[in-house]
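Peer 1: Sequence and predicted structure, then a few things I'm wondering about:
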Amino acid sequence: MTDRWMVVKNSGPWFGLSHAQLHEVEIHVSDMKQIPAPFKLNEPARTVPAEPDRLTIEVSERLAEYLETAEDLVLAPGTRQSPLSDNPEHRVRVGVMTDGEWVWDLAWADLVRESRISPGDDFMHHVERLDFLLPEVSEERIMELCEALDIPY
């Protein structure tokens, strides 16, 4: 995460500060964390901003269920530190999931449920087109994905 500083000029009172106090105030602005987004094979990797509260509670719950009940390519016991937190006690589950077309880190289910972060417009449109219902994924497709991702099957 990179930090930047910005000077804000104001022409009047703001939160009880006088014009003289606020004429030039430095405000610390942090760039939002970027996290790896769900992806399709043979497409460039991308990240999405970890912007909380982008999804409604209802959508986040439906999406979290979709994300965590999809086909697992890899599931590991235990947890790892959340990519959103510097606190080592904030944990997410470990795994690689798929619906046959998209692939994502199981941590997305936890991030969506806890922070209502959007995994990106393309993925959201895909899930909404499916009405949050997981498609059947063939054994051959699972094997193709595992081979392409270098996951032992």
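Peer 2: That came through, no problem. Just so it is clear, the model here is predicted, and its values are computed rather than measured.
Peer 1: contact partners of the longest strand seen in the chain?
Peer 2: Of all the segments assigned as strand in the chain under DSSP state E, the longest by residue count is strand 71-81. Taking contacts as CB atoms under 8 Å, 6 or more residues apart in numbering, the residues outside strand 71-81 that touch it are 87-88, 90-100, 103, 106-107, 134, 137, 142, 145-146, 149, 151. Quick note: C-beta positions are derived from backbone N, CA and C, even for glycine.
Peer 1: Only the buried members of those residues: can you turn that into a PyMOL selection?
Peer 2: To isolate in PyMOL the members of these that are buried, counting by 16 or more other CB atoms under 10 Å, one can use:
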select buried, resi 92+93+95+96+97+98+99+100+103+106+107+134+142+145+146
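Peer 1: Helices - which of the contacts of strand 71-81 land there?
Peer 2: Taking DSSP state H, the ones among the contacts of strand 71-81 that sit in helices are A107, I142, L145, C146.
Peer 1: Need the max-distance pair from those residues.
Peer 2: Across the ones in helices among the contacts of strand 71-81, the longest distance by CB to CB is 20.2 Å; it joins A107 and I142.
Peer 1: Pull the number of nearby residues for S85.
Peer 2: Residues lying near S85 (other CB atoms under 10 Å) number 15.
Peer 1: before we move on, what about E71?
Peer 2: Around E71 there are 19 residues (other CB under 10 Å).
Peer 1: Next one, pLDDT for it please.
Peer 2: We note a pLDDT of 98 for E71 in this prediction.
Peer 1: Need the CA coordinates for the longest helix seen in the chain. PDB is fine.
Peer 2: When secondary structure is assigned using DSSP H, the longest helix within the chain turns out to be helix 57-69. Output of helix 57-69 as PDB, limited to C-alpha atoms (Å, rounded to 0.1, in the frame of the first residue of the first chain):
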ATOM      1  CA  ILE A  57     -26.100  -7.400   3.100                       C
ATOM      2  CA  GLU A  58     -28.400  -9.700   1.100                       C
ATOM      3  CA  VAL A  59     -26.200  -9.800  -2.000                       C
ATOM      4  CA  SER A  60     -23.100 -10.400   0.100                       C
ATOM      5  CA  GLU A  61     -24.700 -13.300   1.900                       C
ATOM      6  CA  ARG A  62     -25.800 -14.900  -1.400                       C
ATOM      7  CA  LEU A  63     -22.500 -14.300  -3.000                       C
ATOM      8  CA  ALA A  64     -20.500 -15.700   0.000                       C
ATOM      9  CA  GLU A  65     -22.600 -18.900  -0.200                       C
ATOM     10  CA  TYR A  66     -21.900 -19.200  -3.900                       C
ATOM     11  CA  LEU A  67     -18.200 -18.600  -3.300                       C
ATOM     12  CA  GLU A  68     -17.800 -21.200  -0.500                       C
ATOM     13  CA  THR A  69     -20.000 -24.000  -1.900                       C
END
